[in-house]
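In: Structure for the following, please:
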Amino acid sequence: MSTTRPLLTQREAAAACGVSRTTIRRRREAGELPGAVLDDDRGWLIPVEDLLAAGFRLNAPAPPDEKKAVGDPAPATTPQDAAPDESAAALRAELERLRHEHALALADERGARQLAEAEARHLQARLDERGAHIEDLQRALAALTPAPDRAAIPRPAHPSPAPAASSSGPAPGEAGEAEYASDSGRRRRWWSRRD
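Out: You can find the predicted model right below:
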């Protein structure tokens with residue numbers, strides 16, 4: 001290879017351009033670095049001209065330091081004089097940042113507490129509703145459960161005679177009334193008993 005232009009490895013090109021080796025590899029594979037050649041010893045070698053043509057900046061220099069004019073009447077400050085002011089400004093900025101973070105954390109905490117309280121009130125209301133519903137169901141179950149003395153009521157030995165034409169049994173309401181009408185010591189039911 002007899003080129004006089006400088007060639008950089010992928011690692012050197014990445015360091016010179018301030019990007020990662022992966023970026024250089026992707027650009028090479030995309031064909032944006034057409035002069036790149038594979039060397040057996042050093043790997044891929046990339047010409048500097050190709051890097052510049054691809055839009056990379058090689059070792060971009062820092063902006064020049066500001067120089068004061070020769071006849072400037074302002075007194076020159078030493079780095080020691082500027083350091084306390086800069087450190088105080090940095091500390092003030094840090095203090096303001098911490099105050100802001102604290103205020104945000106406090107607001108988040110208040111919001112979370114209010115949400116938790118609202119959720120607790122909601123759950124307590126649901127619990128109260130469920131408790132009232134359970135009480136209603138217990139009362140309904142107690143009303144539907146036969147009392148111990150109802151189960152012990154004897155049925156009459158001789159049921160009232162049924163009409164001969166009807167073989168289905170007594171008419172609704174007659175059996176219950178007949179049962180309790182013969183038993184004068186008991187209260188009379190106002191509804192028919194279902195068998």
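
In: Cross-check the contact I'm expecting between R11 and R21.
Out: Yes. R11 lies in contact with R21 (C-beta atoms under 8 Å); the separation is 5.8 Å. C-beta coordinates here come from the backbone N, C-alpha and C atoms, glycine included.

In: strands paired with the longest strand along the chain, and their directions?
Out: Ranked by number of residues, the top strand in the chain under DSSP state E is strand 43-47. Taking DSSP bridges as the criterion, strand 43-47 sits next to strand 7-9 (antiparallel), strand 37-39 (antiparallel) in its sheet.

In: Now that strand: buried residues?
Out: Within strand 43-47, the residues scored as buried using 16 or more other C-beta atoms under 10 Å are W44, L45, I46, P47.

In: Same question for stretch 47-64.
Out: So for stretch 47-64, counting by 16+ other C-beta under 10 Å, buried means P47, V48, D50, L51, A54, F56.

In: So, low pLDDT: which residues of the protein?
Out: 1-4, 60-83, 147-191, 193, 195 (pLDDT under 70).

In: Which residue ranges of it form helices?
Out: Assigned by DSSP state H, the chain shows helices spanning 10-17, 21-29, 48-53, 79-144, 148-151, 174-182.

In: ranking the ones you listed by burial, who's on top?
Out: When the helices of the chain are scored by mean count of other C-beta atoms under 10 Å, the highest mean neighbour count falls to helix 10-17 (a mean of 19).

In: Can you name every helix or strand that that one contacts?
Out: Judged by 3 or more C-beta pairs under 8 Å, 6 or more residues apart in numbering; DSSP states H and E, helix 10-17 is in contact with helix 21-29, strand 43-47, helix 48-53.

In: Output the contacting helices and strands for the last one.
Out: Read it as helix 48-53. Where contact means 3+ C-beta pairs under 8 Å, 6+ apart, helix 48-53 is packed against strand 7-9, helix 10-17.

In: Just send the ones you listed back as a markdown table, with distance to S192 too.
Out: Shown next, in a markdown table, are these (distance: least, C-beta to C-beta, whole Å):
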| stretch | distance to S192 |
| --- | --- |
| strand 7-9 | 105 |
| helix 10-17 | 99 |
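
In: L141: which of those is closest?
Out: helix 10-17 (80.3 Å; C-beta to C-beta).

In: distance of E12 from G18?
Out: Distance of E12 to G18, given as C-beta to C-beta, to the nearest Å: 12 Å.

In: Also R26?
Out: For R26, the distance to G18 (C-beta to C-beta) stands at 16 Å.

In: still on that earlier bit, ok, which of the helices and strands packed on helix 10-17 comes nearest A116?
Out: Relative to A116, the nearest member of the helices and strands packed on helix 10-17 by C-beta to C-beta is helix 21-29, separated by 46.6 Å.
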